[in-house]
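**Student:** quick check, what structure comes out for this input:
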Amino acid sequence: MTAVASVDQRGDEEYAHLLPLLDAYSAMRPGDSCREQSRERLIAGFLPVAQHIAQRYAHRGEPVEDLTQVATIGLINAIDRYRPGQGHHFLGYAIPTMTGEVRRYFRDRGWAIRVPRRLKDNGQLINGVTVELSHQLGRAPKPSEIADALNLSTDDVLEAIEAARSYRATSLDELLTDDTDSDSLVNLLGKSDTELEKVTYTHSLAPLLAELTPRERNILIMRFFHDMTQSQIAANIGCSQMHISRILAHTLSHLRDRMNQD
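**Tutor:** Predicted coordinates:
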C-alpha cells in the first residue's frame, strides 16, 4: 500500500468535518460572498495532504517548499472542479490531481535524457486523462483504460509512462527512502575493479615485451608474473642476484620510456 493510498483511505475520518463545507462550496455561485472564505478554509483544511504528497518527491533535487506550493495548486484545482454529485469521495479525485501537478512540475523543469517529442506529448495527454478517469472511476485508472480513452495502444501508454521517468537524472547522493538512516545510491554501487586496469596495462605491454631479448623477457616474467624473488631468479638462471637487479632496472626503464613515447 502506498503512502498516498493510506492517506486516501484515512480521509473519511480525518477530513470528514470538511465534507459538508465542500458540498456547500460546490453549490455556491461564483459571486457568492461566502465562496472565497469557504475556499480558503478548504485549502487550509486539506493542506496536510498536499504537504504529504510534496514530501514524497522531496529527494528529487527540488526544495520541498516549492513542491508544496505546486501540490497546493493541484489541491485548489481539485477543490474548484470537484462535483460531489458524481458519487466519488473527494480525496480519490484530489490526490491524483495534486500528484499530477507535481509530476508536471518536474517534467517542465527539463528532461535529463533526450526523449522523442511523441512520448512527451503522449505523457501530457496521459496526465490529463488520468485525472479525469480517477474522478470518474474513484481509483487510479489502468493503462488499458487510459489507452482506450486516448485511442492509443496500451504499449504506447506504457512507453510514455516509462519515458516520463527520464525527466531528471537521479543524484548518486539521493537517499533511497524517506528514512533518515537510508543509504544513498552511491554507497551501494560497486567499487572500481582494479583488475580492469591490469588488462589495459597488459594489452599495452604485449608488443613492447616482444621487443625484449628472450633473457630479459624471461626474467621479467619470472619476477612479475611468477612472483619470484631476485635471488630465486638468479639461482634459476645461474648468475648473481646483483646482475638480475641490473637487468630488471634496465628493462623496466626501457619499457617505461617506450610507453611514454606511445
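
**Student:** element containing S33?
**Tutor:** S33 belongs to no helix or strand when assigned by DSSP states H and E.

**Student:** what sits against M98?
**Tutor:** Each residue near M98 by Cβ atoms under 8 Å, 6 or more residues apart in numbering is listed here: V49, A50, I53, A71, T72, G74, L75, A78. (Each C-beta comes from the backbone N, C-alpha and C, glycine too.)

**Student:** oops, could you answer that again for T72 instead?
**Tutor:** Counting by Cβ under 8 Å, 6+ apart, T72 touches I43, L47, A50, M98.

**Student:** who's in contact with the second one?
**Tutor:** By Cβ under 8 Å, 6+ apart, the contact list for L47 reads T72, L75.

**Student:** gap between it and S231?
**Tutor:** Using Cβ to Cβ, to the nearest Å, one obtains 80 Å as the distance from L47 to S231.

**Student:** now swap in the third one and tell me
**Tutor:** Computed with Cβ to Cβ, the distance linking A50 and S231 is 77 Å.

**Student:** what about the helices in this structure?
**Tutor:** 3-14, 19-27, 35-56, 64-81, 90-108, 117-137, 143-150, 154-164, 185-188, 194-209, 214-224, 230-237, 241-261 (DSSP state H).

**Student:** how far off centre is the longest one?
**Tutor:** For helix 35-56, the distance between its averaged C-alpha position and the chain's averaged C-alpha position is 28 Å (Cα atoms, centre = their mean, to the nearest Å).

**Student:** what's the answer for stretch 85-105, then?
**Tutor:** Worked out by Cα atoms, centre = their mean, stretch 85-105 lies 23 Å from the chain centre.

**Student:** quick revisit: of the contacts of M98 - the most surrounded one?
**Tutor:** A71 (28 neighbours; other Cβ atoms under 10 Å).

**Student:** that one contacts R104, correct?
**Tutor:** No. Using Cβ atoms under 8 Å, A71 makes no contact with R104, being 11.2 Å away.

**Student:** export the contacts of M98 as TSV, with columns for pLDDT and distance to A94.
**Tutor:** Converted to TSV, these look like this (pLDDT from 0 to 100; distance: Cβ to Cβ, whole Å):
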residue	pLDDT	distance to A94
V49	92	7
A50	92	9
I53	91	10
A71	91	10
T72	92	11
G74	91	8
L75	92	6
A78	90	4
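
**Student:** could you dump the residues you listed to TSV with distance to L22?
**Tutor:** Below are the contacts of M98 laid out as TSV (distance: Cβ to Cβ, whole Å):
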residue	distance to L22
V49	13
A50	15
I53	18
A71	18
T72	16
G74	16
L75	12
A78	10
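
**Student:** closest one of these to N127?
**Tutor:** Nearest to N127 among the contacts of M98: G74, at 11.1 Å, using Cβ to Cβ.

**Student:** surely the closest one meets R103?
**Tutor:** No. The pair G74 / R103 is not scored as a contact, 9.8 Å apart, by Cβ under 8 Å.

**Student:** and stretch 214-232, how far apart are its ends?
**Tutor:** Using Cα to Cα, to the nearest Å, the end-to-end distance of stretch 214-232 comes to 18 Å.
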